[in-house]
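S.K.: this is a predicted model, with the sequence first.
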Amino acid sequence: MLEAFLSGLLDVFAYPTFLLMLLGIAAGFVVGILPGIGSPGAMAIMLPFIFAMKPLEAFAFLLGMYAVTATTGDITSILFGVPGEVVSAATIIDGHPMAKHGEAGRALGAALMSSLVGAVIGAFTLAAAIPIVTPLVLSFKSPEFLALGLLGIAFLAVLSGESKLKGVLAGGMGLVLAMVGLDPQENIERYTFGLVGLWEGVGLVAALVGLFAIPEIVDLWVKGTGIAETQVGKLGGVWQGIKDTFIHLGITLRCSMIGTFFGLVPGVSGALSQWVAYGHAVQSASDKSRFGKGDVRGVLGPGAANNSGIGAAMIPTIAFGVPGSATTAILLGAFIIQGLQPGPKMLTEKLSLIFSMVWLIVVSNIITVMVCLIFLNQLAKITHIRGALLIPALLTLVFLGGYADTNSYLALAITLSFGVVGLVMVHQGWPRPPMVLGLVLGPLIERNLFISYEVYRFGFLLRPIVVVIIVIALAVLFLPNIQEMVIRRSALKEKAVVASEE
Amino acid sequence: MSSFGKGGPSHIPPAVFNATLGTKFKVVTGYEGGAAQRLAVKNKEVQGFCTTFQTIMSVAADMFEGPGACCKVLIVAGSEVENHPFLKGVPAAEKLAEKLGKGKDDLALLRATHAINRINLPQAVAPGVPQDRVQALRRAFEKAFADPELRAAAEKMKMDLSPKTGEEVSRIVQELLSTPKPVLARLKEVIQ
Amino acid sequence: MSRARNDILISAFLVLLLLWVVWEARSWPFRTRLFPWAIGFPVLALAMIQFGLACWKAIRERSYADAVHTHGEPVEKADAGRSGHQARLEVPTGEEAGVVLDPKLERQRTISISAWTVAFALGFYLFGFKVGSLLLSPAFLRFQAEESWKMSVFYGLGIYLFFLVAFELALGTPLPSGVIATSLGLQSFDWYLVSPILNIILGR
């Protein structure tokens, strides 16, 4: 096993594998920055090129692209408030306010370094999990997926911030919007108004870019300034962001584990893990006052979670041929094209190739960080360009992103509609993250609720992992209130002691 | 049995077998795609799934042989069974129906549903395209499938390339379209 | 319009919407109807509570305003002073971000940029992304942002070239040409001009 681990590393630096990895990184860089043109679409376009390649060369190219897109997706999230990838949406909440405060460099540095830490952890989890992957993945069935969805619901309250009722209501509306389309049980149209374009739902990407990006564009024009409203000097710089990753190493590592866990579970995408990671970052902070206004921890959490999921999502793909996400579904296609059959045989006969994939993820993330460091300060300067010059490009990218998800003109209308919703929500102080989380959770919960009931009846509630996850969900919901009660009680006690001494 | 959704290719065959052969498959819909259906079988949440032989050979062979083997083929739709180790002793649905003495209606229903399975990944053009262009496209497809490079790539991917000519597909489609209305009505009822 | 009154309108809209959501589901089969009702009814209840709270808040704000007007004394606001331990999960805008704006100007700018956003969406629908951005970006920069013609035209050409090079040439995925070109049976408006030039450059 050690031999395969080391030979896997050496193979990555061989010609032409290394060159193809660099090419993949370059392609992933561009794709990640374009909102809505996610890694699944880009990798699908690149698939035909791998027919002529050997297996390791093909995966060097594809994984180089895959490993980079989540990192670079954070760049547009931070600079423009436009999610470059679905998994980069949570980074907007604190990353973009940091850019507005002139701390774009710091936010970018934090996103980059936390992504690298997350990627390394996820990749080595892939390596370490090989002996135990089978029982690990097989222990998750529909009730466990449902419980994870309920855990996500618990985080709705966390993401609601101050206005809990509005937040939970927004999350509820997200769940309602997720019902638009054909129902998964009977294939009956629900709330589609007879439009075939809505059969697959409203489209997560169109909703995301509309909800987050359009209000930012409006704000940019209304303010009449650039994205950054103030200059912060060195404190706003990239190196500060890199240092922040290690100052708050606990959050980075814990959120990496969250991303790894969600990546491991097939069918539960990174779209959920980023919000759980963000919610955890908020909850675990003693002073939460800066979250939503530009707290660097709000960038570290999702940054680490996104990239750690990459390596972990490879596990069910390689071991079972069950893709953990849309991107790994494309990678599964690559396996087939290369004549590799995912399954237990791959874990024994192709161990060196699997370890090469681990090293590819690690090395491509290191190269991405090194390259980005050269350009990040220049990128951060974009925040000082006049808003008027950015707006046409941003509007184009926003609508392109919405369109690219479903290749339907209806997506333009959906993006616009969610833009209006986002504007109203921002103006009236309704939090938007819960709505996004509701949109992500709706299909997961509905599908798994029915399957769980059909197969297990109510017995699914007594499964051990389900019980553990539900306990965690209750802790997420009620622990902050209990903590606050304890703090208040001890403060009252102190007051009483001081009063009696006087 | 895991299945994607009602009326889909993983739902219709078991539902039709229940109605014609007396099987008692309980079809659980809602699984998102073939991979999720197969995972549900691997982790023993359900006891079976319905898929094409092509899929088994390209992504699921390990479920039928080797250390991870957990399944065996129970029944194959249609009237013939391919010669393959996975399919040794497996009955064809139409032959089984005849053996069990099922009536003409049951056989008609089995044939109608299998017609859908006989056309995999059809390529069609819009109505009104001139016949000479249709013929040109058909001949081009036949040439492509006979290309040694393509065949080698398909073999590498463990894909079985058994293309049907455009004329054969048209014949199957006509057969399907001329399915008697009572059979279609029964199929609709069975799927519900 | 005050924020409180807007909250009432939004909550009322949500109540009506959710009533429609649960009503619409009544004729569906049980399995189709279950999730919409399981989510719809609790969310409807929450929306009604929010509506009630919004009305109550508006009434309180009115009495506060009346009290100040009558007595000239400051009255403590109920929701003054947010807890330092609570996170605020929204991007601060306008005043809160430190940029103070005249409300009339703010409204004017909001309306103008909203109109341009709709125009961009319509433009992409009618002319496609390439030609749409070639037309709309210079139009926005020249007529709304009052940039020079030179800047506006070069900017538009830049975006057009980006689409041409990145999507059509590099990725080989041409973007749709818009509803007008499609209905006229054209490949795209620019194809007839650009394609011969590309053929010469690329030696095709």
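M.R.: Okay, I see it. Note that this is a predicted model, so its numbers are computed, not measured. Numbers count the residues shown, from 1 in each chain, chains lettered A, B, ... in the order given.

S.K.: contacts, neighbours, all on C-alpha from now
M.R.: Fine.

S.K.: from the stretch 151-300 of chain A, which residue is nearest to chain C?
M.R.: A:Gly292 (4.0 Å; CA to the nearest CA).

S.K.: so is that residue in a helix, a strand, or just coil?
M.R.: Three-state assignment for A:Gly292 (DSSP: H, G, I helix; E, B strand; the rest coil): coil.

S.K.: where are the low-confidence patches of the chain?
M.R.: If you meant another chain, say so; for now it's chain A. In the predicted model of chain A, residues A:35-37, A:162, A:230-236, A:267, A:269, A:501-502 satisfy pLDDT under 70.

S.K.: should've been chain C
M.R.: Counting by pLDDT under 70, chain C contains low-confidence ranges at C:1, C:70-100, C:204.

S.K.: ok, and does the helix ranked longest in it reach over to chain A?
M.R.: As assigned by DSSP state H, the longest helix anywhere in chain C is helix C:30-71. Yes: using CA under 8 Å from any CA of the partner chain, we find that helix C:30-71 touches chain A at C:Arg31, C:Thr32, C:Phe35, C:Pro36, C:Ile39, C:Gly40, C:Val43, C:Leu46, C:Ala47, C:Gln50.

S.K.: kindly report the residues of chain A close to chain B.
M.R.: Within reach of chain B by CA under 8 Å from any CA, chain A has these residues: A:138-141, A:184-187, A:267, A:320-323, A:336-345, A:447-448, A:450-451, A:454-455.

S.K.: I'd say B:Leu74 and B:Val90 touch.
M.R.: Yes: at 6.1 Å, B:Leu74 counts as touching B:Val90 under the criterion of CA atoms under 8 Å.

S.K.: tally of neighbours for C:Tyr155?
M.R.: Residues contacting C:Tyr155 under the criterion other CA atoms under 10 Å in any protein chain shown number 20.

S.K.: what about it, which helix or strand?
M.R.: For C:Tyr155, the host element (DSSP states H and E) is helix C:149-162.

S.K.: can that helix be found next to chain A?
M.R.: Yes: contact of helix C:149-162 with chain A (CA under 8 Å from any CA) involves C:Ile159.

S.K.: which helices and strands does that helix pack with?
M.R.: Judged by 3 or more CA pairs under 8 Å, 6 or more residues apart in numbering or on different chains; DSSP states H and E, helix C:149-162 is in contact with helix C:103-139.

S.K.: give the buried residues for the helix it packs on.
M.R.: C:106, C:109-110, C:113-114, C:116-117, C:120-139 (16 or more other CA atoms under 10 Å in any protein chain shown).

S.K.: please apply the same query to stretch A:460-467.
M.R.: Neighbour-count burial for stretch A:460-467 flags A:Phe460, A:Leu461, A:Ile465, A:Val466 (criterion: 16+ other CA under 10 Å).

S.K.: now do stretch B:178-192
M.R.: Neighbour counts over stretch B:178-192 (16+ other CA under 10 Å) mark B:Val183, B:Leu184, B:Arg186, B:Leu187, B:Val190, B:Ile191 as buried.

S.K.: what about the residue nearest in space to the middle of chain A, which SS state?
M.R.: For chain A, A:Val87 is the residue whose C-alpha lies nearest the centre (CA atoms, centre = their mean; 2.8 Å). At A:Val87, secondary structure determined by three-state DSSP is helix.

S.K.: now do the phi/psi pair for A:Phe291.
M.R.: phi -60, psi 130 (degrees, to the nearest 10).

S.K.: from A:Phe29, how far off is A:Glu19?
M.R.: If you look again at residue A:19, you'll see it is Leu, not Glu. Counting by CA to CA, to the nearest Å, the gap from A:Leu19 to A:Phe29 is 15 Å.

S.K.: those two: who's more crowded?
M.R.: Neighbours per residue, other CA under 10 Å: of A:Leu19 and A:Phe29, the larger number sits with A:Phe29, 23 against 16.

S.K.: for the residue positioned nearest the centre of chain B, give me phi and psi.
M.R.: Nearest residue to the geometric centre of chain B (CA atoms, centre = their mean): B:Asn117, 3.6 Å. The phi/psi pair for B:Asn117 (degrees, to the nearest 10) reads phi -70, psi -20.

S.K.: for burial, what's the neighbour tally of residue 46?
M.R.: The chain I'm using is chain A. Neighbour count of A:Met46, defined by other CA under 10 Å: 16.

S.K.: try chain C instead
M.R.: Neighbour count of C:Leu46, defined by other CA under 10 Å: 20.

S.K.: need the contact list for it.
M.R.: Shown in contact with C:Leu46 (CA atoms under 8 Å, 6 or more residues apart in numbering or on different chains): A:Leu165, A:Leu169.

S.K.: next, the buried residues of the host helix or strand of B:Leu150.
M.R.: Counting by DSSP H and E, the element that carries B:Leu150 is helix B:148-156. Using 16+ other CA under 10 Å as the test for burial, helix B:148-156 gives B:Arg151, B:Ala153, B:Ala154.

S.K.: wait, which of the residues you listed is closest to chain C?
M.R.: Looking across the buried residues of helix B:148-156 and measuring by CA to the nearest CA, the closest to chain C is B:Ala153, at 22.9 Å.

S.K.: pull the contacting residues for B:Leu177.
M.R.: With CA under 8 Å, 6+ apart as the criterion, no residue contacts B:Leu177.

S.K.: list the buried residues for stretch A:195-204?
M.R.: In terms of neighbour count (16+ other CA under 10 Å), stretch A:195-204 has its buried residues at A:Gly197, A:Leu198, A:Trp199, A:Glu200, A:Gly201, A:Val202, A:Gly203, A:Leu204.

S.K.: then stretch B:107-120?
M.R.: Quick answer for stretch B:107-120 (16+ other CA under 10 Å): B:Leu107, B:Ala108, B:Leu109, B:Leu110, B:Arg111, B:Ala112, B:Thr113, B:His114, B:Ala115, B:Ile119.

S.K.: same deal with stretch C:144-151?
M.R.: C:Ala145, C:Glu147.
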